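Asker: Predicted model follows, preceded by the sequence.
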Amino acid sequence: MSVGSSIDIGSWQQAHAAVKSEKIMGTEKLLEIKGNLMYWVPSFIFSQGLVEMNYGSWDSQMTSLSGLHSMIEQFKQNPMGPMATLTTDLAIEYALILHAPVKAGDIAAAYRFTGEKPDREIRIALLHVLTCLQRSDLGKDEFLKILKKTEDQFKQNPELSNDINWCRMAAWILEDARTLGPKRLQFLKEARCAAPDISARIMTAAVARAFATGTGFESEKELYPLIDVQVSGNTVSGELWRQLTVLKIARAGRNPNAMLRQVKEGLNESRFCAIPFYPKLCMMKSGLDVMTGRATPKDAEKMLKYALESSAMASDSDKASLEVISSANPAAVVAKLMSENRIVPAYWCGILGIMTHQKNKKQVIEIAKVIEDNDKLLTWDERLLLKVLSD
């Protein structure tokens, strides 16, 4: 329990120490548990997986995802109330955090809806919608198809209509809608969703996709507060807060000073959900300090090294990203991380490299290409930020 409790209060260093201690059972041992204690196993695996996501290897992260998948199968064979649904929810969420959208979609597509607990099953359906929306290799029509299926599936559950309507608004944005009128914005403000964290992520992804693909959207400033209010502040809202924060930074108008103000706003965030993203915000601050002339690359590297070494959240991959600032071949540093399946660290290492090598367009293009070659693994806010910095 200490791992999950530590994460809940934002003490990631304590959670990491707990995972590495001999007192904590690893995934393989957890899968051997039988009886009523099985109810706790998915939460234990997910909590340990979150820690491995930041500090561990790709293999350890895949072990956590595989463990969640094994628990889904166990609960299918030996039903224990809603556990198959809850574990499927955790598995999809974890796959999305790992930037493994195809795996997330496969898990969602394999789920068999019963209609017995619609307030829980709506999360699976919405996560499937989100997964389709985030994938750049799937067109808008595929997203609309999954959304229509979800609408039909839950049309007998009026208590879930607000979630569906948030998704419809997201679809409206993608249908070349340049704005959301006052009535639609007021509806979003008053709507109470059953799964607000997922509905808001769908909306955020739609806005980011609209800008990344060139259609644009005019009501973003009115919409951002309506999305932000869906952030609970707890660790569970981390992905929503991260995606909204990156979207705001990317939308700062290709103005490094405005982007820096957004980054500083993120660094001043006091909610627990922001803690895991702290090292990446430090990277962007250092990169933007160089872009705005506030620091030389050498000074920025020195300050960033201090910040990362002082942060309990900074992983070995984060610290390895420092090399990209002074490297004569920064694209190779990013490519190495990508080759080790460290997708998230590689992306942020690349963003840091692009920011600190802006004067060398050849290097910027090379770094961007390494990331773009793995475009299918990114979220739309990440694609938009890359586009803004490398165009």
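Answerer: That came in fine, so what should we check first? Numbers count the residues shown, from 1 in each chain.

Asker: Helix or strand: which one has the residue most central in space within the chain?
Answerer: Nearest residue to the geometric centre of the chain (CA atoms, centre = their mean): E239, 4.2 Å. Using DSSP states H and E, E239 maps to helix 238-250.

Asker: who's in contact with whichever helix or strand comes after that helix?
Answerer: Proceeding N to C from helix 238-250, the next assigned helix or strand is helix 256-267, under DSSP H and E. Residues outside helix 256-267 that contact it (CB atoms under 8 Å, 6 or more residues apart in numbering) are 245, 248-249, 252, 274, 277-278, 281-282, 284-285, 288-289, 291-292. Yep, even glycine has a C-beta here, placed from its N, CA and C like the rest.

Asker: give the contact list for K280.
Answerer: So K280 contacts D318, W348 (CB under 8 Å, 6+ apart).

Asker: After the helix or strand containing it, heading C-terminal, what element do we hit next?
Answerer: Using DSSP H and E, K280 sits within helix 278-291. The helix or strand immediately downstream of helix 278-291 is helix 297-310, counting by DSSP H and E.

Asker: list the helices and strands the helix or strand following that following helix packs on?
Answerer: The helix or strand immediately downstream of helix 297-310 is helix 316-320, counting by DSSP H and E. Contacts defined by 3 or more CB pairs under 8 Å, 6 or more residues apart in numbering; DSSP states H and E place helix 316-320 against helix 278-291, helix 297-310, helix 330-339, helix 343-356.

Asker: tell me the mean pLDDT over helix 316-320?
Answerer: Across helix 316-320, the average pLDDT comes to 88.

Asker: Can you pull out the residues in contact with the helix holding E239?
Answerer: By CB under 8 Å, 6+ apart, helix 238-250 touches 93, 96-97, 197, 200-201, 204-205, 207-208, 211, 224, 227-228, 230-231, 259, 262-263, 265-266, 269, 271, 273-277, 281, 284, 379, 381-382, 384-385, 387-388.

Asker: wait, M283 sits on I351?
Answerer: Yes - counting by CB atoms under 8 Å, I351 is a contact partner of M283 at 7.0 Å.

Asker: any idea how far S2 is from A100?
Answerer: In this view, A100 and S2 are 27 Å apart by CB to CB, to the nearest Å.

Asker: From the contacts of helix 256-267, pick the one nearest E28.
Answerer: The nearest member of these to E28, counting by CB to CB, is F277 at 30.2 Å.

Asker: Of A100 and S2, which one has the most company?
Answerer: Higher neighbour count among A100 and S2: A100, with 20 against 16, using other CB atoms under 10 Å.

Asker: quick revisit: and the residue nearest to the centre of the chain, what pLDDT?
Answerer: On pLDDT, E239 comes in at 93.

Asker: domain parsing for the protein?
Answerer: 1-112, 277-391 (automatic domain parsing).

Asker: Would you tell me which of those gets closest to L133?
Answerer: Taking the domains of the chain one by one with CB to CB, domain 277-391 is closest: 7.8 Å.

Asker: so how far does that closest one reach from one end to the other?
Answerer: The first residue of domain 277-391 is 25 Å away from its last residue (CA to CA, to the nearest Å).

Asker: got it, and stretch 319-336?
Answerer: 14 Å.

Asker: what about the stretch 151-300 of the chain, any weak spots by pLDDT?
Answerer: Residues of the stretch 151-300 of the chain that meet the criterion pLDDT under 70 lie in 177.

Asker: Okay, strands next: where are they in the stretch 51-200 of the chain?
Answerer: Assigned by DSSP state E, counting those that start in this stretch, the stretch 51-200 of the chain shows no strands.

Asker: Packed most tightly, which of the domains of the chain would that be?
Answerer: domain 277-391 (a mean of 20; mean count of other CB atoms under 10 Å).

Asker: Just give me how far that domain sits from the chain centre.
Answerer: 17 Å (CA atoms, centre = their mean, to the nearest Å).

Asker: what's the answer for stretch 58-73, then?
Answerer: Centre-to-centre, stretch 58-73 and its host chain are 18 Å apart (CA atoms, centre = their mean).

Asker: Pull it out as PDB, backbone CA atoms only.
Answerer: Extracted in PDB, the C-alpha atoms of stretch 58-73 (Å, rounded to 0.1, in the frame of the first residue of the first chain):
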ATOM      1  CA  TRP A  58      11.000  -0.400 -21.000                       C
ATOM      2  CA  ASP A  59      11.000  -4.000 -20.000                       C
ATOM      3  CA  SER A  60       9.800  -3.300 -16.500                       C
ATOM      4  CA  GLN A  61       7.100  -1.000 -17.900                       C
ATOM      5  CA  MET A  62       6.000  -3.800 -20.300                       C
ATOM      6  CA  THR A  63       5.900  -6.200 -17.400                       C
ATOM      7  CA  SER A  64       3.500  -4.000 -15.600                       C
ATOM      8  CA  LEU A  65       1.300  -3.700 -18.600                       C
ATOM      9  CA  SER A  66       1.400  -7.400 -19.200                       C
ATOM     10  CA  GLY A  67       0.500  -8.000 -15.500                       C
ATOM     11  CA  LEU A  68      -2.600  -5.800 -15.900                       C
ATOM     12  CA  HIS A  69      -3.600  -7.800 -19.000                       C
ATOM     13  CA  SER A  70      -3.100 -11.100 -17.100                       C
ATOM     14  CA  MET A  71      -5.400  -9.800 -14.400                       C
ATOM     15  CA  ILE A  72      -8.100  -8.900 -16.900                       C
ATOM     16  CA  GLU A  73      -8.000 -12.500 -18.200                       C
END
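
Asker: who touches that stretch?
Answerer: 27-28, 30-31, 38, 41-42, 45-46, 48-49, 52-53, 83-84, 87-88, 90-91, 94-95, 98, 100, 103, 107, 340-342.

Asker: so where's the longest helix in this protein?
Answerer: Identified as the longest helix of the chain according to DSSP state H is helix 58-77.

Asker: quick one: average confidence on that helix?
Answerer: For helix 58-77, mean pLDDT rounds to 92.

Asker: Could you check the angle that helix makes with helix 343-356?
Answerer: With axes from the mean of the first three to the mean of the last three CA atoms, to 10 degrees as the basis, helix 58-77 and helix 343-356 are set at 140 degrees to each other.

Asker: Lovely, talk soon.
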